[in-house]
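Student: coords please:
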Amino acid sequence: MSSVGELLGPHGPLAAVVPGFESRREQQEMADWVGEALEERAVLAVEAGTGTGKTFAYLVPALLSGRHVIVSTGTRTLQDQLYHRDLPMLSKALGRPVRVALLKGRSNYLCRHRLGLADQAMALPGFEPPPVKALKRVREWAQLTRSGDIAELSGVRDDDPVWPAVTSTRDNCLGVECNDYSRCHVVAARRDAQAADIVVVNHHLLLADLALKEEGFGDLLPGADAVILDEAHQVPDVAAQFFGLSVSSRQAVALTRDSLAELVRTGHINPVLRERIMRVEDVFAQALASIRGNKDRLDWTELPDAFIESLHGCSAAVELLAQGLAETCSDDAGLKACIRRGQALVEGLTEMSGFGPEDGVRWVEIAGRSFTLGFSPFEVADRLRELMSARPCAWVFTSATLAVGQDFAHFLGRVGAADARTLRVASPFDFEHQAMLYLPQGLPDPSDRTHTTAVLAAALPLIEAADGRTFLLFTSHRALKEAARLLRLRAGFEERFPMLVQGEAPRESLLKRFREIEHSVLLGTSSFWEGVDVRGTALALVVIDKLPFAAPDDPLLKARLEGIKRRGGNPFFEYQVPQAVLALKQGFGRLIRDREDFGVVAICDPRLRTRGYGRMFVQSLPPARLTDEGDEAARFLRRRLAEAGVDMRKVMNA
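Tutor: Reported below is the predicted structural model:
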């Protein structure tokens, strides 16, 4: 074979072995570029349109390279797919056996020490214990598991409160001092990863390893020859979390409960220490009370003086507890870890209070019975550039949405890789015949309070034409709730078109029901704009209410915009418009997922026609047929559904 890409050709080994394999010229081109980048330790950004087959396009050169490669994904779903399905299949087809490891964050692995500590929590008065039935199942599974990956245990929900009680965090891990260190599932997973040829991680873990260098477990990256980041459009936002600072009242509550459990376990509990523990909880509750009833998110400049003062009390109470734990003079690893956590919490509160307006943006988020203090620097690109430069290996960024039009400058600027090689691979799908872009006329401005009503008025004839089979995608929860209310007021609508509304059931449950219920209408916000794959005639219409500009009160957005202003740039055109373009491409991408898919995307924002930047949005979308006539869009849907063999009697009689 003269190139990596030819292995993905019609006469290559994959065509003979992989079920349903389809040779794609675009996939071969991408594979050649990735192979060259791995060979030359170059930085490469690839936008691969839907249907390119980008997963195989980077895995095949990675397998053939003989190098130590880290593959990072944006979701655990893709992580599991790569490890359990794609890599074993490709390795076998290519005749290239390699050692592959799957590595997730700490919270995905059972912690033996915390499982034992959960027994103490069951007996502590005033503390909510883990669910008894779930804890019993975890104990039984703990005797059998080899990996400790909590995904093995079916029947216990991902969000079950038992998991925080039996998994560790960077804060509460005892590290090498833990009595169970030799049997630690996290240590074993990282050891396997360091010995593997290909390691599959996720962006959060990768950035934690880059930015934090987790104590006690060594670096994952020093031995890597290449890092491939799929779903790379998420990387800048994930990076911002790790280069900022976050301190929460939940950390304080977790510290008090673990301290009490460890004190009981070691026999060091006494009335003074119990009082200090309760004092920590009291002062954090008082701090929360001073801002409760305000907005869910407050800028630092909006905080009342009482809250700022209360933070000093929080710091003093935690410091007093840490001193009390130290005065037990215990060598127990659990108690020593609680002392370190207390000291780290005090340091975090002190650091948070010490930032000035020139350093970045600070804010407080309120959620139920807890609050979180957040800080973000104005720019993270420089930090990312430094981290990549310190690791001179190949870096490959790929996603279906990296470029604005043909231009990668926005994305590359955000990840500090302005000089990277770039490749834009178009989708192999025939969008001109498969898809229609409908831009309704006469809609009110998106800020008008009648906008959602107008969106539904434009969408209803198309929903009728598609006989359901619709995603209604919104840029805000407020608009989603309003649309759901209005549709449910329409006589007979929900009986004809079962409604699936985000927030009323888990995301995966809603998607499963959408695929199963032929005529359903799903209403969703940002979590349904990407990472959602519905193929075939189950989905024929995607309606988007507005251009997806980020909420102006988002603190991370404020930090980035302020950073651009400080260097004399134009935040709207340098950041807000490009980000919205990429988000819109993600939303559009929900419709066509396969060669046989078809349908209409309706974007109900008049700014596409009335504002100069509207052209940039339209030109960045796939080359679908464009119309501003609702009747034409409805006819397209009816015709294509009929050609697909869908029973049109109900549609035609509507």
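
Student: residue 539 contacts residue 589, doesn't it?
Tutor: No - between residue 539 and residue 589 there is no contact under CB atoms under 8 Å: 11.8 Å. To be clear about C-beta, it is placed using only N, CA and C from the backbone, and glycine gets the same treatment.

Student: neighbour count: those two, which is higher?
Tutor: Taking neighbours as other CB atoms under 10 Å, residue 539 and residue 589 compare with residue 539 leading, 26 against 22.

Student: residues in contact with that one?
Tutor: Neighbouring residues of residue 539 by CB atoms under 8 Å, 6 or more residues apart in numbering: 469-471, 514, 590-591, 597, 599.

Student: now residue 290: how far from residue 301?
Tutor: 16 Å (CB to CB, to the nearest Å).

Student: show me which of those two is the more surrounded one.
Tutor: The neighbour count for residue 290 versus residue 301, taken as other CB under 10 Å, is higher for residue 290 (18 against 8).

Student: one step back: inside helices: which ones of the contacts of residue 539?
Tutor: residue 514 (DSSP state H).

Student: the contacts of residue 539 in strands, which ones?
Tutor: 470-471, 599 (DSSP state E).

Student: now, which of those residues sits nearest residue 357?
Tutor: Residue 357 has its nearest neighbour among the ones in strands among the contacts of residue 539 in residue 471, at 41.6 Å by CB to CB.

Student: residues contacting the closest one?
Tutor: Residues near residue 471 by CB under 8 Å, 6+ apart: 522, 524, 528, 534, 539, 541-543, 590.

Student: now render the residues you listed as JSON lines, adding secondary structure and distance to residue 372.
Tutor: Below are the contacts of residue 471 laid out as JSON lines (DSSP: H, G, I helix; E, B strand; the rest coil; distance: CB to CB, whole Å):
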{"residue": "522", "secondary structure": "strand", "distance to residue 372": "31"}
{"residue": "524", "secondary structure": "strand", "distance to residue 372": "25"}
{"residue": "528", "secondary structure": "helix", "distance to residue 372": "25"}
{"residue": "534", "secondary structure": "coil", "distance to residue 372": "34"}
{"residue": "539", "secondary structure": "coil", "distance to residue 372": "36"}
{"residue": "541", "secondary structure": "strand", "distance to residue 372": "38"}
{"residue": "542", "secondary structure": "strand", "distance to residue 372": "34"}
{"residue": "543", "secondary structure": "strand", "distance to residue 372": "34"}
{"residue": "590", "secondary structure": "coil", "distance to residue 372": "31"}
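
Student: of those residues, closest to residue 174?
Tutor: The closest of the contacts of residue 471, once distances to residue 174 are taken by CB to CB, is residue 528, at 39.9 Å.

Student: what residues are up against the closest one?
Tutor: Counting by CB under 8 Å, 6+ apart, residue 528 touches 471, 473, 502, 507, 522, 590.

Student: still on that earlier bit, closest to residue 137 among the ones in strands among the contacts of residue 539?
Tutor: Nearest to residue 137 among the ones in strands among the contacts of residue 539, with distances taken as CB to CB, is residue 471, at 35.9 Å.

Student: and that closest one, what's its pLDDT?
Tutor: Looking at residue 471, its pLDDT is 97.

Student: quick check: the gap between it and residue 435.
Tutor: 14 Å.

Student: cool, residue 267 as well?
Tutor: In this view, residue 267 and residue 435 are 69 Å apart by CB to CB.

Student: who's more crowded, these two?
Tutor: More crowded of residue 267 and residue 435, by other CB under 10 Å: residue 435, with 24 against 10.

Student: so how far is residue 622 from that one?
Tutor: When distance is defined by CB to CB, residue 435 is 7 Å away from residue 622.

Student: quick check: neighbours shared by these two?
Tutor: When CB under 8 Å, 6+ apart defines a contact, the residues bordering residue 435 and residue 622 alike are residue 592.

Student: if we can go back for a sec, which of the contacts of residue 528 lies closest to residue 31?
Tutor: Closest approach to residue 31 among the contacts of residue 528 (CB to CB): residue 590, at 26.1 Å.
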